[in-house]
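Engineer: Let me see the structure of the following:
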Amino acid sequence: YPRSAAQRLFEKAVARMAQDGRRDEGVSLGQAYCQNRYELDQFMELEGENSQPAIQARLDYKGFVDRLGIDADMYCQVVQTPGGEKVRYRES
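Structural biologist: Residues are numbered from 1 along each chain as shown. Just a heads-up that it's a prediction; the model follows:
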């Protein structure tokens, strides 16, 4: 795929990260992407196993998602609220 097609596929896949492969009703594609990408990043930052393959997998993940999510990521914002961190999608 050309890079732009790969980016769109990545964004749609991340937005649909759920048990049934669908995003919640009433949640925009952008908001679903931002929330799921945040949760995925949090998961990948967990310490867990520190073998060389695990460390390499985390580095590979970071490189892949930084390239594939470059356009969508600029619209995601993490904000601190009294209830903790919240992720929001901002269109401009």
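Engineer: From here on, just use CA atoms for contacts and neighbour counts.
Structural biologist: Noted.
Engineer: Which parts of stretch 12-31 count as buried, going by neighbours?
Structural biologist: K12, A13, V14, A15, R16, M17, R23, L29, G30, Q31 (16 or more other C-alpha atoms under 10 Å).
Engineer: Turn those into CSV, including pLDDT and secondary structure.
Structural biologist: Putting the buried residues of stretch 12-31 into CSV (pLDDT from 0 to 100; DSSP: H, G, I helix; E, B strand; the rest coil) gives the following:
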residue, pLDDT, secondary structure
K12, 93, helix
A13, 94, helix
V14, 95, helix
A15, 94, helix
R16, 93, coil
M17, 91, coil
R23, 81, coil
L29, 91, helix
G30, 93, helix
Q31, 95, helix
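Engineer: how about the strands in this protein?
Structural biologist: Secondary structure of the chain (DSSP state E): strands at 76-81, 84-89.
Engineer: Now the first one: average pLDDT?
Structural biologist: This means strand 76-81. The average pLDDT for strand 76-81 rounds to 94.
Engineer: list the buried ones in that strand?
Structural biologist: By neighbour count with 16+ other C-alpha under 10 Å, strand 76-81 contains the buried residues C76.
Engineer: other SSEs contacting it?
Structural biologist: Using 3 or more C-alpha pairs under 8 Å, 6 or more residues apart in numbering; DSSP states H and E, the elements in contact with strand 76-81 are helix 29-45, strand 84-89.
Engineer: and of the ones you listed, who's closest to D71?
Structural biologist: Judged by C-alpha to C-alpha, the one of the helices and strands packed on strand 76-81 that comes nearest to D71 is helix 29-45, at 11.1 Å.
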